[in-house]
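S.K.: Give me the fold of what follows.
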Amino acid sequence: MKAKQTLLFILNDAPYGSERSFNGLRLAINLGEQNEADTEIKIFLMSDAVSCALSLQAPGEGYNVQQMLEILLAQGAEVKLCKTCCNARGLSTLPLIEGAEIGTLDDLSLWTLQADKIVTF
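M.R.: The predicted model follows:
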């Protein structure tokens, strides 16, 4: 039996515009679906990526970042948003996807120390 791995994904880009956050979430979902891997996935959203966790997204076509985060949360991932980044963008009082929460740099630091692997997008 393999030991549990903790994977930390740090996303920085807006949900729509570039595909960096989309690709990071795609990889995280795929890793969460690997039956042979015992993984713990943590997602920390920084900079413009904090808007990935806003609820009520209705993109016209293509992928839906809200749904992707909801899949990850259903898989047991933890999702936190940078408090400073949310405050800077006026997002602190807007509704978030259920299960996502605002975190701090202390949370990111702790997750970084606990992670076996860190992936940034």
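
S.K.: So, low pLDDT: which residues of the protein?
M.R.: Residues of the chain meeting the criterion pLDDT under 70: 1-2.

S.K.: Quick one: list the elements packing against the longest helix along it.
M.R.: As far as residue count goes, and with DSSP state H defining each element, the longest helix of the chain is helix 20-32. Here helix 20-32 is seen to pack against strand 5-11, strand 39-45, helix 65-74, strand 117-120 when contacts are counted using 3 or more CB pairs under 8 Å, 6 or more residues apart in numbering; DSSP states H and E. Bear in mind the C-beta positions are built from the backbone N, C-alpha and C, glycine included.

S.K.: angle of it against strand 5-11?
M.R.: Using axes from the mean of the first three to the mean of the last three CA atoms, to 10 degrees, the direction of helix 20-32 lies 170 degrees away from that of strand 5-11.

S.K.: Relative to the whole chain's centre, how far out is helix 20-32?
M.R.: Between the centre of helix 20-32 and the centre of its chain there are 9 Å (CA atoms, centre = their mean, to the nearest Å).

S.K.: buried stuff in it?
M.R.: Neighbour-count burial for helix 20-32, counted by 16 or more other CB atoms under 10 Å, picks out 20-22, 24-25, 28-29, 31-32.

S.K.: Could you do stretch 102-121 as well?
M.R.: 102-103, 107-108, 111, 115, 119, 121.

S.K.: Please compute how far that stretch lies from its chain's middle.
M.R.: 11 Å.

S.K.: Quick one: residues in contact with it.
M.R.: Contacts of stretch 102-121 from elsewhere in the structure, counted by CB atoms under 8 Å, 6 or more residues apart in numbering, are 5-13, 20-21, 23-24, 27-28, 42, 44, 46, 80-84, 86, 92, 96.

S.K.: Only whichever of those are buried, select them in ChimeraX.
M.R.: Of the contacts of stretch 102-121, the buried ones can be selected in ChimeraX as follows, counting by 16+ other CB under 10 Å:
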select :7,8,9,10,11,12,13,20,21,24,28,42,44,46,80,81,82,83,86,96
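
S.K.: Dig out what the spatially most central residue of the chain forms beta bridges with.
M.R.: Central residue check for the chain by CA atoms, centre = their mean: the C-alpha nearest the mean position is that of Ile43, 3.3 Å away. Applying DSSP bridges to Ile43 yields these beta-bridge partners: Phe9, Val79.
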